[in-house]
Each structure stands twice: as C-alpha cells, then as structure tokens.
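Colleague: Build the 3D model from these lines:
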Amino acid sequence: MSIPAIAGLNLEDTFVLAWHRFSEALTFHVLASLLPEHPESSPPTEGEWACYRAGLVHFFGVTSVEGLVAQASVAFATGASGEVDYGCIDGLSLGGPGQYLVSGEFGNVSLAGQGLAVVLAPRPNNSFKPTPLRGAA
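Modeller: I've put the predicted structure just below:
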C-alpha cells in the first residue's frame, strides 16, 4: 500500500530535526528531500545535490504510539554550520488501516492514527504558493 502524503519525498535523505508527541498527534520536524517529481521541488541550491525544504511529517488522530525513543536519549550529528539532526527516516509504511510503521534513530515506531500529512515551509525565494496538505492516508 502506498501513502499519498509522502509521494515525491526521498525519506532516506530526509533529515529528522526533532519530534514531539502530543495527546493525539506525533510530529517529526524534518528537512525534507524532494524528488524532482514532487510538485514543490525546485533545482537544488548551490552545494546541494537535492531540493531540501523544512517541513513537518504530522500524524493526526493518534490513539497509540509504541517504540518512540525520547529525543534526549538519541545521538545526534552536528553539521558544519551547527545544525543538529537525528539521522534520516529509514522507513515509513502502512501496517494496516490506520496503522503506521516508521523507523529511524528515533526508534522502530508503531502507531495508530487517523492519518498523515506532510506540510512544507514556503519556498526560500519567497515565491510562496499555498499548497494543500498532501493527502491523508
């Protein structure tokens, strides 16, 4: 089963910057790697090999989360300009209706929820075009 909300994202090159568990949500703050076919993709900036955009991978209507490691317990990397990341999203799949499996340095997470949305920050050149949430799965 495919997940429309993540179509056009290269998850294995999407860096996790932070995560937060709320009463009915789980949100990953990411630096998303957009594939050329993604509607918000643009040519990579100088020194980059892909189009990267800050964003959120947001699970909503969450009723249970198992396997999520506390952020303070996870080793992080620091880039040359001081940015911190917790690795990439190693996998994201459906385990059944409303059941998501997501893995990375943050754990092998199984969660039950109503859906998933990806929200991207405006384009860096300020030519912002509103983009609807990319499909709830």
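Colleague: can you pull the contacts of the residue nearest to the spatial centre of the chain?
Modeller: By CA atoms, centre = their mean, the mean C-alpha position of the chain lies nearest to residue 57, the distance being 3.8 Å. Applying CB atoms under 8 Å, 6 or more residues apart in numbering, we find residue 57 in contact with 6, 27, 28, 30, 32, 89, 92, 116, 118. Bear in mind the C-beta positions are built from the backbone N, C-alpha and C, glycine included.
Colleague: please redo it, this time with the cut-off set to 10 Å
Modeller: Applying CB atoms under 10 Å, 6 or more residues apart in numbering, one finds that residue 57 lies in contact with 5-6, 9, 11, 14, 16, 19, 26-30, 32, 89, 92, 102, 116-119.
Colleague: Out of the residues you listed, list just those in strands.
Modeller: Members of the contacts of residue 57 lying in strands (criterion: DSSP state E): 16, 19, 26-30, 32, 89, 92, 102, 116-119.
Colleague: Closest one of those to residue 75?
Modeller: Residue 75 has its nearest neighbour among the ones in strands among the contacts of residue 57 in residue 16, at 12.2 Å by CB to CB.
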